[in-house]
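Need coordinates for the following:
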Amino acid sequence: MWKIILSLAILVILFAYLYFSTSRKLADLKFQKRSLSSKYGKMTEQFLPFLEEYPYDSQNFRFLGSPIDGVQFEEEKIVLIEFKTGDSGLSGKQRNIKELVKKKRVFFEEIRI
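Next comes the predicted model:
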């Protein structure tokens, strides 16, 4: 009887080890996939101003990357640009920037050093 209990205990321990080991590896793979997707997104954003659909002169676009993708300098205006694809939305920081612009809380300062 004790051999059966010992065998079952060993099987339970083995299955628990395999489950947690596999779960950890799966979580690592999901993180790596999101990280790689984020890196591809950052790379792609740098090329979007050169597409035909881009409504401005790409020569006047300056890439920032974060917290917004870039700034478009036009003759009559300056436009803060954030590229989005699919159903992705603005981050909290980006929504705050949008609100500051709406409230006209954007300034130009010259700092001499």
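
So the chain: which segments form each domain?
Listed domain ranges for the chain are 1-45, 48-102 (source: automatic domain parsing).

Buried deepest among those domains, which one?
Across the domains of the chain, averaging neighbours per residue (mean count of other Cβ atoms under 10 Å) puts domain 48-102 on top, at a mean of 12. (Glycine included, C-beta is placed from N, CA and C.)

all helices for the chain, in order.
2-45, 92-102 (DSSP state H).

Turn the ones you listed into a markdown table, columns for mean pLDDT and distance to Gln72.
Below are the helices of the chain laid out as a markdown table (pLDDT from 0 to 100; distance: least, Cβ to Cβ, whole Å):
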| stretch | mean pLDDT | distance to Gln72 |
| --- | --- | --- |
| helix 2-45 | 77 | 13 |
| helix 92-102 | 96 | 13 |
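
wait, what's in contact with Lys77?
Taking Cβ atoms under 8 Å, 6 or more residues apart in numbering, we find Lys77 in contact with no residue.

Can you lay out the domains of the chain as CSV showing distance to Ile111?
Below are these laid out as CSV (distance: least, Cβ to Cβ, whole Å):
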stretch, distance to Ile111
domain 1-45, 28
domain 48-102, 18
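
Phi and psi next, for Pro67.
Torsion angles at Pro67 (phi, psi; degrees, to the nearest 10) stand at phi -80, psi -10.

Look up how far Ile78 lies from it.
Going from Pro67 to Ile78 by Cβ to Cβ, to the nearest Å gives 16 Å.

One more: Pro55?
For Pro55 relative to Ile78 (Cβ to Cβ), the value is 15 Å.

try Ile113
Counting by Cβ to Cβ - Ile113 and Ile78 are separated by 23 Å.

With that, I have no additional questions.
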